[in-house]
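K.L.:
Give me the fold of what follows.
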Amino acid sequence: MYPSKVSWLLRQNKALCFPTSLPVLEELCGGIHPGKIIEFCGPSAIGKSQLCFHLMRDCLTAGKKCVIVSSTRLLVSETQKLTPKENLSVFYVHSVFELLATLQAVDALQTSMVVIEGIQPLLQAVLGSANYRGQALLNDVKCCMGAVAVKSVVLCTNGIVSIGDGKHGPALGRAWEIVPSVRIMILSNSVGKRVMWRNRERVAELSIGDDGVRVSWGDTNH
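P.N.:
Numbers count the residues shown, from 1 in each chain. A predicted model of the protein is given here:
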């Protein structure tokens, strides 16, 4: 008897899962495993990339494979701690068309984690057009990311925009809001602490040091 597609995917996802050193973040995300698109959303230099790199180190330490798709040149200091190198692949893209082609290629790989760095400027470049081509390309990106997420956990970073009344939302507009299965907002509060939350319900605090990042539960107002 041949296995069903569902049972095959369940076994496939289990084989690609890995433990993380951030249990609070795992609980906040409802798990970090293949089948999810997790977006870290916040202003520049708030710690989004550091979170991604920390989780990649966990994934590589577990003997799994990782892929980075980036629109900007990564610093050596960011990648030198990512070992073993043979389990890490880095792709640089400079347009949404290169992003689509790369995601289609990554979909054929057996990898546990795919990190997409700098997706905001790539999509904003086409969404600013007056015709419908930008929205069509955004939909293509959504479909490609969804296909990759069937077998890998996908992490992506995004900026924020003000939505009034002192509140913030993800950049790239309403059409992008439904793409991630989990969105984690990260902002600095009034006393300078990095605060994370999901759906404005559970709040955690993010700290960044030389040994990586730490996430702990907090009750800070946001």
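
K.L.:
what about the spatially most central residue of the chain, which SS state?
P.N.:
Nearest to the mean C-alpha position of the chain, by Cα atoms, centre = their mean, lies Leu155 at 1.8 Å. Taken by DSSP: H, G, I helix; E, B strand; the rest coil, the conformation at Leu155 corresponds to strand.

K.L.:
Let me see the confidence value for it.
P.N.:
In this model, Leu155 is scored at 97, pLDDT.

K.L.:
What of Ile38?
P.N.:
pLDDT for Ile38: 96.

K.L.:
So Met56 belongs to a strand, correct?
P.N.:
No: secondary structure of Met56 (three-state DSSP): helix, not part of a strand.

K.L.:
what's the pLDDT at the closest residue to it other than its chain neighbours?
P.N.:
Nearest in space to Met56, with sequence neighbours left out and distances taken as Cβ to Cβ, 6 or more residues apart in numbering, is Cys66 at 4.9 Å. (Each C-beta comes from the backbone N, C-alpha and C, glycine too.) Cys66 is assigned 95 on the pLDDT scale.

K.L.:
Do a quick rundown of the helices in this protein.
P.N.:
Assigned by DSSP state H, the chain shows helices spanning 5-16, 23-29, 48-61, 76-79, 96-106, 119-127, 133-149, 174-177.

K.L.:
Among those helices, which one carries the weakest average confidence?
P.N.:
Lowest mean pLDDT within the helices of the chain: helix 5-16, a mean of 49.

K.L.:
and the nearest residue to Trp197 once chain neighbours are set aside, how many residues sit next to it?
P.N.:
In space, and not counting its chain neighbours, Trp197 is closest to Val203: 4.8 Å by Cβ to Cβ, 6+ apart. Number of residues near Val203 (other Cβ atoms under 10 Å) recorded here: 17.

K.L.:
How many residues are close by the nearest residue to Ser207 once chain neighbours are set aside?
P.N.:
Spatial nearest neighbour of Ser207, excluding adjacent residues (Cβ to Cβ, 6+ apart): Arg214 at 4.8 Å. Residues near Arg214, counting by other Cβ under 10 Å, number 16.

K.L.:
roughly how far apart are Arg214 and Ile119?
P.N.:
Distance, Arg214 to Ile119, using Cβ to Cβ, to the nearest Å: 26 Å.

K.L.:
Other residues contacting stretch 202-211?
P.N.:
Contact partners of stretch 202-211, identified using Cβ atoms under 8 Å, 6 or more residues apart in numbering, comprise 24-25, 28, 47, 50-51, 186, 193-197, 213-220, 222.

K.L.:
Any buried residues in it, and which?
P.N.:
By neighbour count with 16 or more other Cβ atoms under 10 Å, stretch 202-211 contains the buried residues 203-206.

K.L.:
Render the CA-only coordinates of it in PDB, please.
P.N.:
Extracted in PDB, the C-alpha atoms of stretch 202-211 (Å, rounded to 0.1, in the frame of the first residue of the first chain):
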ATOM      1  CA  ARG A 202       1.600  37.500  24.900                       C
ATOM      2  CA  VAL A 203       4.600  39.700  25.400                       C
ATOM      3  CA  ALA A 204       8.300  38.600  25.600                       C
ATOM      4  CA  GLU A 205      11.500  40.500  25.900                       C
ATOM      5  CA  LEU A 206      14.400  40.200  23.500                       C
ATOM      6  CA  SER A 207      18.000  40.700  24.600                       C
ATOM      7  CA  ILE A 208      21.100  40.500  22.300                       C
ATOM      8  CA  GLY A 209      24.600  39.700  23.500                       C
ATOM      9  CA  ASP A 210      27.900  38.400  22.100                       C
ATOM     10  CA  ASP A 211      26.700  34.800  22.700                       C
END
